[in-house]
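Participant: Mind folding the following:
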Amino acid sequence: MTTLTPHEFSLPPLAAFKFVSIFPGNGTGGECKLRSLGTLHLPPSPTPSPILPQRRLATTSLSLDLSSVMGYLGIEIRLHGRPELLSTDLFGCCLRPELILKTLEWGLAVDRKPYQWIGFDGMEEKDHKPSHPDGTTKLVEDDVGETGRPAVITAAHAERAKKRDSPATIILSSLHLWTAMRGIGYAFGPPAHALAAPPPRSPRLFIKYTLSTLLKAHIGNVIAIMIIINRDGALPRLLQNSVFPFLSRKALVTISHLIAYAAVPISLQFQMVLGLSGVSLVFFAFNHFFRFILPRSLRPAPFDSREWPSLFNRPFVPKSVASWWSSQWHHLFRKPFTFVGYDPVVASMTPLVGKPSARLLGAFVVFWLSGWLHDQGMWSATRGIVPTSSLNSLTFIERWGAWIFFMAQPIAVGLEGTFTRMTGKKFSGTLAMLWSYGWIVGVGLLAGKSWIAMGLVRDLPPVPAWGWQRFLLPSAVLAPPPLWTK
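Facilitator: Numbering: from 1, shown residues only. Now for the predicted structure:
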């Protein structure tokens, strides 16, 4: 059982939050300067013209110099740098490779078309027209092509865009794009069918819905963390007393470990839902605050809950492995993955191997990038905290289990595509769901095993030592001891 570490709790210093800076400097300030510089190239203009190569290359090289290269030299995004906070630091550390990919995407973007705000199709009621972040109305539905991108830039659109070309509106639009990781409402965003239903539009119902979502995710996260922490103690005893009284202690521990491995990605998913719920409430509060205190000409557009659908679209009911990743999982890294990996591979390999094979190769590259992102995040979170001797003693599965998980996914996608081409039938139904569960959960156990072995829940206090706050406060289960312990 994990023992308490004699730490005294203290808030992280202000320097720990340097990643929010938009100015150049060490750490993540460079990446955020990248976003500030890169997005200034992308807001709508009278015609979505190509971005000057000199500006693109200058931004890219500057951003790489300030941030990405420095990340490889060992400067990580880490708020705490404490062993008992590895699970929270993991999210921050995963931003490093994501921002490197964003450096390449926004720095090498050839035009603004994919980054045009198109709003929400089919939602143009008379009394509530979807708005651009700067308050102007969206392109009408008739002007949006099949791909979701504007098909025609009319004179009216150009006139509206001219009004948005002032420095203030460009900065507002850039800030909005800066925060829109999924691209909801933008041309590069995922299609509507790949998103969960948005929260209610009414402010009162939105708050109620978001608080309910936060509560459910909190309860799920607490249960998942309890399972992971008790994989060698209380969980085997519970299984023996209630389900498997006839099994040996060794078998019970093995089953408990498998359950704990499955609980790791579930806990991370709940933590992401907690994060999105909290951030959406913050944006909601700031929006209403600034709309209340600012003069009418400077007010931001009304808060639109359609920009905040759930990160996950019924993830516990997979339709297929391909569908699960493309339309049921979160889309936070979708655009940089496709821009840097998938699109170049498909474009270059289609003439050589044909489109189906090129698309499969593109999927392998995307999942390789995903494996790299998560592994780099875990490495950054554990470096200098988990002893090197401990990491060097890991088995192959314990060290590379997450990589194996991600690189196994395109294999399943390829097999599903082969089935469809050979039979002429869509891969769906109950068998497809069972297949997806077996593949995603079965191989996912390797990722859970790896992350636990690498110290994901290292030094968290045992459940009997928890104070009541850990059960009631969102994410308090991940707080460092002795905070909120008995």
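
Participant: so where is this protein shaky, pLDDT-wise?
Facilitator: Along the chain, segments meeting pLDDT under 70 span 1-89, 121-170, 383-389.

Participant: ok, which stretches of it are strands?
Facilitator: Counting by DSSP state E, the chain has no strands at all.

Participant: for residue 374, what are its contacts?
Facilitator: Contacts for residue 374 (C-beta atoms under 8 Å, 6 or more residues apart in numbering) come out as 94, 402, 406. C-beta here means a position set from N, CA and C on the backbone, and glycine is covered the same way.

Participant: same deal with residue 279?
Facilitator: Counting by C-beta under 8 Å, 6+ apart, there are no residues that residue 279 touches.

Participant: what do you get for the one 5 residues further on?
Facilitator: Residue 284 makes contact with 203, 206-207, 210, 303 under the criterion C-beta under 8 Å, 6+ apart.

Participant: among these, which ones are buried?
Facilitator: 206-207, 210, 303 (16 or more other C-beta atoms under 10 Å).

Participant: In JSON lines, list those along with distance to residue 287.
Facilitator: Output for those, formatted as JSON lines (distance: C-beta to C-beta, whole Å):
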{"residue": "206", "distance to residue 287": "11"}
{"residue": "207", "distance to residue 287": "13"}
{"residue": "210", "distance to residue 287": "14"}
{"residue": "303", "distance to residue 287": "4"}
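
Participant: What are the boundaries of the helices in the stretch 201-350 of the chain?
Facilitator: 203-229, 234-242, 249-293, 321-323, 334-337, 343-353 (DSSP state H, counting those that start in this stretch).

Participant: Can you check which of those gets nearest to residue 410?
Facilitator: Proximity to residue 410 (C-beta to C-beta) singles out helix 321-323 among the helices of the stretch 201-350 of the chain, at 9.1 Å.

Participant: helices or strands up against that closest one?
Facilitator: helix 396-423, helix 430-453 (3 or more C-beta pairs under 8 Å, 6 or more residues apart in numbering; DSSP states H and E).

Participant: and for the shortest one, what are the contacting residues?
Facilitator: Translated: helix 430-453. Against helix 430-453 from outside (C-beta under 8 Å, 6+ apart): 228, 257-258, 260-265, 317-321, 324, 378, 394-395, 397-402, 404-406, 408-409, 412, 416.

Participant: Among those residues, filter down to the buried ones and hand me the PyMOL syntax, if you would.
Facilitator: Listed next is the PyMOL selection for buried residues among the contacts of helix 430-453, using 16+ other C-beta under 10 Å:
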select buried, resi 228+257+260+261+262+263+264+265+318+319+320+321+324+378+398+399+400+401+402+405+406+408+409+412+416
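
Participant: Show the contacting residues for residue 267.
Facilitator: Neighbours of residue 267 in contact, by C-beta under 8 Å, 6+ apart: 87, 220-221, 224-225, 228.

Participant: For these, work out which two are farthest apart.
Facilitator: Counting by C-beta to C-beta, the most remote pair of the contacts of residue 267 is 87 and 220, 14.7 Å apart.

Participant: quick one: which of the two has more around it?
Facilitator: More crowded of residue 87 and residue 220, by other C-beta atoms under 10 Å: residue 87, with 23 against 18.

Participant: For stretch 338-347, what is the spacing between the initial and final residues?
Facilitator: 12 Å (C-alpha to C-alpha, to the nearest Å).

Participant: That one: which residues count as buried?
Facilitator: Buried, per 16+ other C-beta under 10 Å, within stretch 338-347: 338-342, 345-346.

Participant: Reformat the residues you listed as JSON lines; add distance to residue 101.
Facilitator: Formatted as JSON lines, these follow (distance: C-beta to C-beta, whole Å):
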{"residue": "338", "distance to residue 101": "10"}
{"residue": "339", "distance to residue 101": "8"}
{"residue": "340", "distance to residue 101": "5"}
{"residue": "341", "distance to residue 101": "9"}
{"residue": "342", "distance to residue 101": "12"}
{"residue": "345", "distance to residue 101": "15"}
{"residue": "346", "distance to residue 101": "17"}
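
Participant: what's the closest of the buried ones among the contacts of residue 284 to residue 425?
Facilitator: Using C-beta to C-beta, the buried ones among the contacts of residue 284 come closest to residue 425 at residue 210, 40.2 Å.

Participant: Leaving out chain neighbours, which residue sits closest to the closest one?
Facilitator: residue 277 (5.2 Å; C-beta to C-beta, 6 or more residues apart in numbering).

Participant: Can you give me the neighbour number for the one you found?
Facilitator: 25.

Participant: Next, give phi and psi for the spatially closest residue to residue 332 that is not a sequence neighbour.
Facilitator: Distances taken as C-beta to C-beta, 6+ apart put residue 181 closest to residue 332, at 4.9 Å, once the chain neighbours are dropped. The phi/psi pair for residue 181 (degrees, to the nearest 10) reads phi -60, psi -40.

Participant: Next, count neighbours for residue 181.
Facilitator: 17.

Participant: Quick check: buried residues in stretch 222-234?
Facilitator: 222, 224-231, 233-234.

Participant: can you list those residues in JSON lines and add distance to residue 469?
Facilitator: Below are the buried residues of stretch 222-234 laid out as JSON lines (distance: C-beta to C-beta, whole Å):
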{"residue": "222", "distance to residue 469": "11"}
{"residue": "224", "distance to residue 469": "18"}
{"residue": "225", "distance to residue 469": "14"}
{"residue": "226", "distance to residue 469": "15"}
{"residue": "227", "distance to residue 469": "20"}
{"residue": "228", "distance to residue 469": "19"}
{"residue": "229", "distance to residue 469": "16"}
{"residue": "230", "distance to residue 469": "19"}
{"residue": "231", "distance to residue 469": "23"}
{"residue": "233", "distance to residue 469": "22"}
{"residue": "234", "distance to residue 469": "20"}
